[in-house]
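Participant: Got a sequence here, can you build the structure:
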Amino acid sequence: MAAAVSKAAAPASATPPLPESARPYLAKAKTLMCLCLASAWVGGAGAGAADLTLAFCADPVVFAAFFVASLGGILVSSVLYCVVWVLLLRAALCGVNSTPKLKKACGPILRKMLLDIAMLDYLGSLILVSLSAIGSLVLMELSMESHPGRIGTIILHAAVLGSAAIAVFLILPPTMLKLWRMMSGGAEAAGSIV
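Facilitator: Numbers count the residues shown, from 1 in each chain. Here you go, the predicted model:
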């Protein structure tokens, strides 16, 4: 009798698998989210490189190239982010035609991608990368003045480079690894450290 109760309780606690019609949307969303994170990484690396260019050689042509790469990475990342949201919502709503089914539609992988990766990690890194790009532009304007060696510009260089480094080295790689290790059924890989 106890074995029958435990077998009956196991399926209730397990989450229902995703419908087969949702898997292509989820695979596309995962791929585009990887591209989105890679674009954000390019944006942060470009902002950091633009800042280092201003700090050490102050060549406006090299600065402009890194700054354009940074803005391009941020723009591509933002566009891909919007597409990822649409694909995740399509995956969540596959086969849903009533309100009770809508409440059960979001499985663990969708919740994890929506809340953990798509919301917290990506938006946090996007804020840091955008601040780095804006800070690089402010530093370019300050370097055109006659007093480029002021302590304020040094503090700005440290802030811009620090925020770019946090996004590029501390937020985006573990997020990409977490997304890479996520399996299609919603479970993470065995022994996952992220």
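Participant: can you tell me the average pLDDT over the host helix or strand of residue 180?
Facilitator: Using DSSP states H and E, residue 180 maps to helix 172-181. What helix 172-181 shows for mean pLDDT is 83.
Participant: counting contacts, what elements does it pack onto?
Facilitator: The contact analysis (3 or more C-beta pairs under 8 Å, 6 or more residues apart in numbering; DSSP states H and E) places helix 172-181 against helix 23-56, helix 122-143. Every residue, glycine included, has its C-beta placed from N, CA and C.
Participant: Make CSV out of those and add distance to residue 68 and mean pLDDT.
Facilitator: Listed next are those as CSV, based on distance: least, C-beta to C-beta, whole Å; pLDDT from 0 to 100:
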stretch, distance to residue 68, mean pLDDT
helix 23-56, 8, 88
helix 122-143, 10, 82
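Participant: And these: which comes nearest residue 178?
Facilitator: Set against residue 178 and scored by C-beta to C-beta, the helices and strands packed on helix 172-181 come closest in helix 23-56, at 10.1 Å.
Participant: by contact count, what packs against the closest one?
Facilitator: Here helix 23-56 touches helix 60-92, helix 122-143, helix 151-165, helix 172-181, going by 3+ C-beta pairs under 8 Å, 6+ apart.
Participant: relative orientation of the shortest one and helix 122-143 in degrees?
Facilitator: So that's helix 172-181. Counting by axes from the mean of the first three to the mean of the last three C-alpha atoms, to 10 degrees, helix 172-181 lies at 150 degrees to helix 122-143.
Participant: most tightly surrounded among the helices and strands packed on helix 23-56?
Facilitator: helix 122-143 (a mean of 20; mean count of other C-beta atoms under 10 Å).
Participant: just checking, what packs against it?
Facilitator: Secondary-structure packing of helix 122-143 (3+ C-beta pairs under 8 Å, 6+ apart): helix 23-56, helix 60-92, helix 151-165, helix 172-181.
Participant: Out of the helices and strands packed on helix 23-56, flag the one nearest residue 35.
Facilitator: Going by C-beta to C-beta, the one of these nearest residue 35 is helix 60-92, 5.6 Å.
Participant: Can you tell me how far residue 21 is from residue 27?
Facilitator: Between residue 21 and residue 27 the computed distance is 12 Å (C-beta to C-beta, to the nearest Å).
Participant: er, residue 166 I mean
Facilitator: On the measure of C-beta to C-beta, residue 166 and residue 27 end up 30 Å apart.
Participant: So those two - more neighbours on which side?
Facilitator: Ranked by neighbour count (other C-beta atoms under 10 Å), residue 166 and residue 27 place residue 166 first, with 17 against 13.
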